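> Below is the structure, and that's it, no one-letter string:
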């Protein structure tokens, strides 16, 4: 399907902005990227695929959740700081309400055996989903001939996942090393 | 009251720091949240942490809402608000300012070095998250089978993960896990 390019400068109103990000958020079970793509490019036509990819690449450079950064950057480009806040509120407001309802239910029913077992099931499946993500990321990393990238990945895993060192400490050592190696290799 | 204020300050400080250290997304910070919330502060037990992670997965929305749950567990509604705002504030400020200047540097050599350096670290952190979540739950052989089956299916098939969670929850309810 070819998507017609968006109008020169789409200017969604604040309420359109809020609703779009709330929709992305509430459809996004375990994968907001796919839905943000669909709504931004195909549904609302606010971004071309190229613009979307560029903005998303920028977001993945920044620390913190990519979609949160995306909402702030997109919202503020459209309507300044307030637009950023509105997009962020749309993204986080509705799931926060839902998750607090979950927490209240958990406080009441969390000790029931059936609920416990269902939650163990979900946590186990979620661990599997993380493993699949790791495998997908590792493919290209281990295929190219650079050995230092897999070594950095293994060192990070060992320090955090096995030895349980504090994250800031590990990143303070490994990030400069990893970026430095990538700089030399470039 | 004074005690609540102290707890909220501790939450705000820790999650503002996590905001800047969560490279590649909230899941990268899961092992650190576990270390701090369970081992250092004793806010949650191992089991509660695994349940919190599962509840966050069951709720639609970005993965970052796990911090809302941790905050709520520790200090109720004020805790939920403080942790969420702290986790998003610093990185959002950064996104706001970088979003306006980044276009000028597009294609610069340091950008590819930066991304080349970040990817393997993110990979290691995500792998550590999988380990932490798996070992925090009451893990038995059936749970391990669910983990492996989900990993294989999600790797080879384009499927919305919510169906895997639903199936796993059903297996749990049925008493298989």
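Great, that's in hand. Predicted, not measured: the structure shown is a model, and the values here were computed from it.
> hey, let's count contacts and neighbours off CA atoms from now on
Will do.
> Return the distance of the residue nearest in space to the middle of chain B relative to residue A:143.
Most central in chain B under C-alpha atoms, centre = their mean is residue B:27, positioned 3.5 Å from the mean C-alpha point. According to C-alpha to C-alpha, to the nearest Å, residue B:27 stands 25 Å off from residue A:143.
> Repeat that for residue B:110.
Residue B:110 is 23 Å from residue A:143, by C-alpha to C-alpha.
> Could you measure from the residue nearest to the centre of chain B over to chain A?
9 Å (C-alpha to the nearest C-alpha, to the nearest Å).
> residue ranges with poor pLDDT in chain A?
Residue ranges of chain A with pLDDT under 70: A:1-9, A:30-31, A:145.
> domain parsing for it?
As given by automatic domain parsing, the domain ranges for chain A are A:1-112, A:129-186.
> Please see if the longest one touches chain B.
The reference is to domain A:1-112. Yes - shown here: domain A:1-112 in contact with chain B (C-alpha under 8 Å from any C-alpha of the partner chain) through A:24-32, A:58-70, A:72-73, A:76-77, A:81, A:84, A:91-92, A:95-96, A:98-100, A:102-103.
> pLDDT below threshold where in chain B?
Ranges of chain B meeting pLDDT under 70: B:1-2, B:102-107, B:137.
> Please identify the helix or strand for residue A:165.
Here residue A:165, judged by DSSP states H and E, is contained in no helix and no strand.
> Need phi/psi at the closest residue to it other than its chain neighbours.
With sequence-adjacent residues excluded and distances taken as C-alpha to C-alpha, 6 or more residues apart in numbering or on different chains, residue A:165 is closest to residue A:159, at 5.7 Å. The phi/psi pair for residue A:159 (degrees, to the nearest 10) reads phi -70, psi -40.
> packing partners for the helix or strand hosting residue B:47?
Assigned by DSSP H and E, residue B:47 belongs to helix B:46-58. Applying 3 or more C-alpha pairs under 8 Å, 6 or more residues apart in numbering or on different chains; DSSP states H and E, we find helix B:46-58 packed against helix A:66-109, helix A:113-143, helix B:66-101, helix B:109-136.
> now the angle from the third one to helix A:66-109?
What separates the directions of helix B:66-101 and helix A:66-109 is an angle of 170 degrees, with axes from the mean of the first three to the mean of the last three C-alpha atoms, to 10 degrees.
> hang on, the earlier thing: for residue B:19, which of the domains of chain A is the nearest?
Of all the domains of chain A, domain A:1-112 sits nearest to residue B:19, with 5.3 Å by C-alpha to C-alpha.
> residues touching residue B:99, list them.
A:58, A:73 (C-alpha atoms under 8 Å, 6 or more residues apart in numbering or on different chains).
> Report how many residues lie close to residue 120.
I went with chain A, as the question did not name one. Residue A:120 has 31 neighbours, counted by other C-alpha atoms under 10 Å in any protein chain shown.
> that answer is for a different chain, and I need it for chain B
Neighbour number of residue B:120 under other C-alpha under 10 Å is 27.
> residue contacts, it?
A:141, A:149-150, A:152-153, A:178.
> could you pick out which of those are near chain B?
Answer for those near chain B (C-alpha under 8 Å from any C-alpha): A:141, A:149-150, A:152-153, A:178.
> quick one: which of those sit in helices?
Secondary structure defined by DSSP state H assigns A:141, A:149-150, A:152-153, A:178 of the ones next to chain B among the contacts of residue B:120 to helices.
> Now neighbour count too, for these, in JSON lines please.
Shown next, in JSON lines, are those (neighbours: other C-alpha atoms under 10 Å in any protein chain shown):
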{"residue": "A:141", "neighbour count": "20"}
{"residue": "A:149", "neighbour count": "25"}
{"residue": "A:150", "neighbour count": "20"}
{"residue": "A:152", "neighbour count": "24"}
{"residue": "A:153", "neighbour count": "24"}
{"residue": "A:178", "neighbour count": "25"}
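> Which of those sits closest to residue B:34?
Among those, residue A:153 lies closest to residue B:34 (C-alpha to C-alpha), at 20.0 Å.
> dump the residue contacts of the closest one.
By C-alpha under 8 Å, 6+ apart, residue A:153 lies in contact with B:120-125.
> ditto for residue A:131
Contact analysis of residue A:131 by C-alpha under 8 Å, 6+ apart lists B:126-127, B:130, B:151.
> Next, count neighbours for the residue lying closest to residue B:94 once chain neighbours are set aside.
Spatial nearest neighbour of residue B:94, excluding adjacent residues (C-alpha to C-alpha, 6+ apart): residue A:62 at 7.6 Å. Residue A:62 is flanked by 23 other residues according to other C-alpha under 10 Å.
> With residue B:58 instead?
22.
> who's in contact with it?
Residue B:58 neighbours (C-alpha under 8 Å, 6+ apart): A:29, A:122, B:162, B:165.
> Quick check, residue A:116 in contact with residue A:110.
Yes - using C-alpha atoms under 8 Å, residue A:116 makes contact with residue A:110 at a distance of 6.4 Å.
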